[in-house]
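Student: the sequence and its predicted three-dimensional model are supplied below.
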Amino acid sequence: MSGNDSERKKGIFDKPVSRRDILKLAGVGGAGLLLGAGGVGSLVAAQASKAEKAFSASGAETDPQGAVPFYGGHQAGIVTPVQDFICFAAFDVTASSAAELRKLFQAWTAAAANMAQGKMVGRDDGNELLPPADTGEAAGLTPSRTTITFGAGPSLFDGRFGFAGKKPEALQDLPAFGGDELRPEWCGGDLCVQVCANDMQIAFHAIRNLARIARGKAVLRWTQEGFQRTGYSDPAKATPRNLMGFKDGTGNPDVKDEREMKKVVWADGADGSGWMHGGSYMVVRRIRMRIEVWDRSSLADQEATFGRHRDSGAPLGAAGEFDTPDMEKKDASGKPVIPDTSHMKLARGDGSVKILRRSYSYSSGIDHKTGQLDAGLLFVCYQRDPRKQFVPIQKALGKSDKLNEYIVHIGSAVFACFPGVKEGGYIGDTLF
């Protein structure tokens, strides 16, 4: 990631300048406003233009504060460009009937559609004796590309609501994998809500208000917040890095390739569950990283563990991040350049099985039992059928992945994410 010698020799005015830097530069003692076209004013204009062009050329959204449409053929938040933050919540349903559950989905839909546009959840009538309709912490804030994605877990189809006959064959509880040390408080859920946004307060506001609306019909089971580098800190929109310092998501399929998305991500009615047509299956894993142990490992060991160069993200033996890895290449001693136990080699397999990763790092303070950081990866992936995609990949990883020395899977869940919603409809209406 570090620049070469020529880049280090560039002057300060050749470096990208953020909006915040521009405002600081323009506002120093008011002097910037007095220098005229040949001074700071022209520099600010030139650097602002350069920053905007760099951000747009990266393929990222040109308005990181804008809105992502809530209604559409597919739910937003699956192939949407990944935002900076996530708030994830799993719920247990306490409603006693399908009618009550339908009312919850209808109320959630109306609230989510508003919040995706940066609007308040509901209207206040000014009655000082009642709680406000909206909790208020996102008032006046931009939409910040908020997406709210809903799904149903296998347990929702247990017979309580008459859905047992509609349970998709692809929606099965995940089997046990090598390296699992699952804890009940981080597993399962009847329903899930994934909120992603470019502002954490806005994302939290969405989960808080949806939980509030669910009162009497569903209760929170577990939640997890996550983050990655922000769009402004990396205008080039390079592949984000996990807390181990390696790029995460290099092998993702192209979300702009509709044919590939139909093959890899979107469920099809022909798969056996017509109501899931246009939806997708989500797997969520809370992966604790043994950061303190990792930080004492040599660079050579770290790269052999991942099968990639840490700096460039390139496969071992290659130069570019997206170069095709040569799995058969041997070094001078006859050993594979990319170790057979490396994470990348095992996850890639023969290249025919793919998933769409949408993961975030997390940090939840200190583990008071060990005194170590409770941090890691909230692994989220989407696919057409977990039995044929995630499960075989994770079985291979759980059996012999060298990365297992440094990680432990402590949370796990799988959900059927509903198809998109048409205006006038509601989340899950195809199920009902």
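Tutor: On my side now, so go ahead.
Student: pLDDT of stretch 246-264, averaged?
Tutor: The average pLDDT within stretch 246-264 is 96.
Student: mind listing what's buried along it?
Tutor: F246, K247, D248, G249, G251, N252, P253, V255, M261, V264 (16 or more other CB atoms under 10 Å). C-beta: built from backbone N, CA, C; applies to glycine.
Student: and if you look at stretch 158-165?
Tutor: R160, F161, F163.
Student: can you pull out the helices in the stretch 151-300 of the chain?
Tutor: 200-213, 258-264, 291-294, 299-306 (DSSP state H, counting those that start in this stretch).
Student: what's the shortest one packed up against?
Tutor: Put plainly, it is helix 291-294. Counting contacts by 3 or more CB pairs under 8 Å, 6 or more residues apart in numbering; DSSP states H and E, helix 291-294 packs against strand 372-383.
Student: report the buried residues of the strand it packs on.
Tutor: Result for strand 372-383 [16+ other CB under 10 Å]: buried residues L373, D374, A375, G376, L377, L378, F379, V380, C381, Y382, Q383.
Student: just stretch 212-226 next, same as before
Tutor: For stretch 212-226, by 16+ other CB under 10 Å, it's I213, A214, K217, A218, R221, W222, Q224, E225, G226.
Student: which of those sits closest to I291?
Tutor: Among the buried residues of stretch 212-226, G226 lies closest to I291 (CB to CB), at 15.6 Å.
Student: would you map the strands across the chain?
Tutor: 85-93, 147-152, 191-197, 218-227, 280-289, 356-357, 360-367, 372-383, 407-417 (DSSP state E).
Student: restrict the fourth one to CA atoms and write it as PDB.
Tutor: Right, strand 218-227. Extracted C-alpha coordinates of strand 218-227, given in PDB (Å, rounded to 0.1, in the frame of the first residue of the first chain):
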ATOM      1  CA  ALA A 218     -40.800  -9.600  18.100                       C
ATOM      2  CA  VAL A 219     -37.800  -9.100  20.400                       C
ATOM      3  CA  LEU A 220     -34.100  -8.600  19.700                       C
ATOM      4  CA  ARG A 221     -32.100 -11.900  19.900                       C
ATOM      5  CA  TRP A 222     -28.600 -10.500  19.100                       C
ATOM      6  CA  THR A 223     -27.100  -7.500  17.400                       C
ATOM      7  CA  GLN A 224     -23.700  -6.600  16.100                       C
ATOM      8  CA  GLU A 225     -22.200  -3.300  14.700                       C
ATOM      9  CA  GLY A 226     -19.400  -3.300  12.100                       C
ATOM     10  CA  PHE A 227     -17.200  -1.000  10.100                       C
END
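Student: thank you kindly, that will do.
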